[in-house]
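Colleague: Provided below for reference: sequence and predicted model.
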Amino acid sequence: MKEDNEGFRYPEVNTKICIECGLCEKICPIQNTPHNNNEITDSYVIQHKNNEIRRDSTSGGFFSAICDYVIAQNGYVFGAVYNEKMEVVHYGTNQKEEIKRFRGSKYVQSQIGNTYQETKSLLLKGYLVCFSGTPCQIAGLKNFLRKEYTNLITVDLVCRGNPSPLLLKKYLAYQEKYYNSKITKVKFRDKYYGYDFSTMTLEFQNEKIQYHYGMEGDPMLKFFFLDLCSKPACHQCKFKTIERVSDFTIFDCWNAKSFTKKMDKKGATHVFIHSSKGHEVFEQLKSYFHYQKTDIQQAVRQDGCMILSSTTPSKNREQFFNDLNSLPFDKVQKKYFPLTLKRKLIIKLKPFLYYIGVFKFYMRLKNKKHA
């Protein structure tokens with residue numbers, strides 16, 4: 001796998017040892033998309049009963065529940081984590097204490113590494129394995145395995161796109177230099193200001209530093225939602241369907257109370273179940289969370305536009321990457337995300353307005369306006 005100038009990794013064939021068997025093309029999920037499950041998809045909204053787990057999760061904590069279940073069966077779980085270099089990589093474990101590493105959205109393309117091979121080896125040994133990732137990563141795993149395994153559980157997530165690892169690397173380096181302290185933790189969708197706000201939280205070795213900014217102040221989040229930095233394939237994604245090859249599809253449920261009054265507003269997960277295996281596992285998981293069966297079309301309509309739709313790349317995308325490769329990060333930020341007086345005021349006032357409840361009222365009005 002070789003990085004291009006945007007930081008995205010693509011396969012490169014070593015022609016000196018290639019025997020031209022054509023297996024690369026057969027396995028590639030873009031050239032040969034695996035067939036979706038033919039079974040009927042069911043929909044649920046869930047909230048983990050453990051509030052501490054849910055607070056640490058991006059939405060409702062479903063994946064933590066399935067991790068607990070699989071590891072309790074002496075199984076292994078694979079998902080995206082940060083390594084010691086703060087790169088996003090896929091990783092497998094059978095240790096319960098490591099489940100927390102999987103929690104939280106990571107808005108960047110993860111490196112699969114050898115996790116497909118590791119998964120196959122564990123499956124052949126009879127272990128229960130849960131593999132999570134983006135829809136394209138799950139499709140890639142299915143094509144790589146080339147057969148169904150009864151001891152494999154797959155979970156895909158609804159995503160807007162895969163931002164550039166190069167952008168994340170430059171963003172983190174800039175923040176460490178600006179604050180003169182090493183970053184120890186990154187949370188793209190922290191609930192610091194509550195579930196309704198997408199907040200980037202950075203933790204530093206210097207624990208006195210507090211960094212909790214939403215799109216009004218954080219360039220990484222802003223560049224992502226401006227559609228400046230995702231992989232080109234994400235803008236014409238072949239996996240934007242309700243039916244999936246995975247057993248489960250998970251995504252945010254912003255409107256949990258419209259499905260059931262029993263749930264609060266501190267984070268909930270929509271769970272689509274695509275297979276009989278998924279239904280069997282879900283039955284085993286019910287003790288972990290509160291749940292309510294829901295209508296699929298309502299779930300898509302209210303919270304799941306990204307299930308079916310790809311975003312349109314910004315007209316400035318190409319120039320953005322040219323600038324990212326040639327300008328200091330602060331210059332890129334000033335060009336594409338200038339610190340206006342309005343933004344300065346929001347950054348200063350948001351913490352106060354949030355704690356007195358005014359910001360929540362503003363967000364409700366804003367959401368109704370765009371509904």
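Modeller: Looks like it arrived, so ask away.

Colleague: so Gln205 sits right up against Lys182, yeah?
Modeller: Yes: in this structure Gln205 lies within contact range of Lys182 using CB atoms under 8 Å: 4.6 Å. For the C-beta atoms, the positions are set from N, CA and C on the backbone; glycine is no exception.

Colleague: Please tell me how far the spatially most central residue of the chain sits from Asp190.
Modeller: The residue at the geometric middle of the chain, judged as the C-alpha nearest the mean C-alpha position with CA atoms, centre = their mean, is Ser105 (4.1 Å). Counting by CB to CB, to the nearest Å, the gap from Ser105 to Asp190 is 10 Å.

Colleague: cool, and Tyr76?
Modeller: To Asp190, Tyr76 is 28 Å away according to CB to CB.

Colleague: more neighbours, the two?
Modeller: Each of Tyr76 and Asp190 has its neighbours counted (other CB atoms under 10 Å); Asp190 has more, 24 against 21.

Colleague: Can you tell me who that one pairs with across the strands?
Modeller: Using DSSP bridges, the bridge partners assigned to Asp190 are Thr199.

Colleague: Just the pLDDT for it.
Modeller: Among the per-residue scores, Asp190 holds a pLDDT of 93.

Colleague: who's in contact with it?
Modeller: 104, 199-201, 212 (CB atoms under 8 Å, 6 or more residues apart in numbering).

Colleague: Among those residues, which one has the most neighbours?
Modeller: Comparing the contacts of Asp190 on neighbour count, Met200 comes out first with 25 neighbours (neighbours: other CB under 10 Å).

Colleague: residues contacting that residue?
Modeller: When contacts are counted by CB under 8 Å, 6+ apart, Met200 touches 186-188, 190, 211-214, 218, 220-221.

Colleague: In those, find the pair that's most separated.
Modeller: Greatest spatial distance in the contacts of Met200: Val186 and Gly214, 14.9 Å, computed using CB to CB.

Colleague: okay, the two: which has more neighbours?
Modeller: Counted by other CB under 10 Å, Val186 and Gly214 do not tie: Val186 has more neighbours, with 23 against 18.

Colleague: Look up phi and psi at the more buried one.
Modeller: Summarising the backbone geometry of Val186 under the convention degrees, to the nearest 10, its torsions are phi -130, psi 130.

Colleague: pLDDT below threshold where in the protein?
Modeller: 38, 351-355, 357-371 (pLDDT under 70).

Colleague: Helix, strand or coil: sort out His35 for me.
Modeller: The three-state label given to His35 by DSSP: H, G, I helix; E, B strand; the rest coil is coil.

Colleague: all helices for the stretch 101-250 of the chain, in order.
Modeller: Assigned by DSSP state H, counting those that start in this stretch, the stretch 101-250 of the chain shows helices spanning 115-124, 135-145, 165-179, 219-225.

Colleague: okay, those helices in JSON lines with mean neighbour count and distance to Phe282 next?
Modeller: Putting the helices of the stretch 101-250 of the chain into JSON lines (neighbours: other CB atoms under 10 Å; distance: least, CB to CB, whole Å) gives the following:
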{"stretch": "helix 115-124", "mean neighbour count": "17", "distance to Phe282": "21"}
{"stretch": "helix 135-145", "mean neighbour count": "21", "distance to Phe282": "17"}
{"stretch": "helix 165-179", "mean neighbour count": "18", "distance to Phe282": "33"}
{"stretch": "helix 219-225", "mean neighbour count": "22", "distance to Phe282": "31"}
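
Colleague: which stretch among those helices comes nearest Ser309?
Modeller: Of all those, helix 135-145 sits nearest to Ser309, with 13.4 Å by CB to CB.

Colleague: do you know how far the residue lying closest to Tyr149 once chain neighbours are set aside is from Asp247?
Modeller: Ranked by CB to CB, 6 or more residues apart in numbering and with sequence neighbours excluded, the top spatial neighbour of Tyr149 is Leu123, at 4.7 Å. Counting by CB to CB, the gap from Leu123 to Asp247 is 14 Å.

Colleague: Please apply the same query to Ile40.
Modeller: Separation of Ile40 from Asp247 (CB to CB): 13 Å.

Colleague: Repeat that for Tyr76.
Modeller: Between Tyr76 and Asp247 the computed distance is 16 Å (CB to CB).

Colleague: Done for today, thanks.
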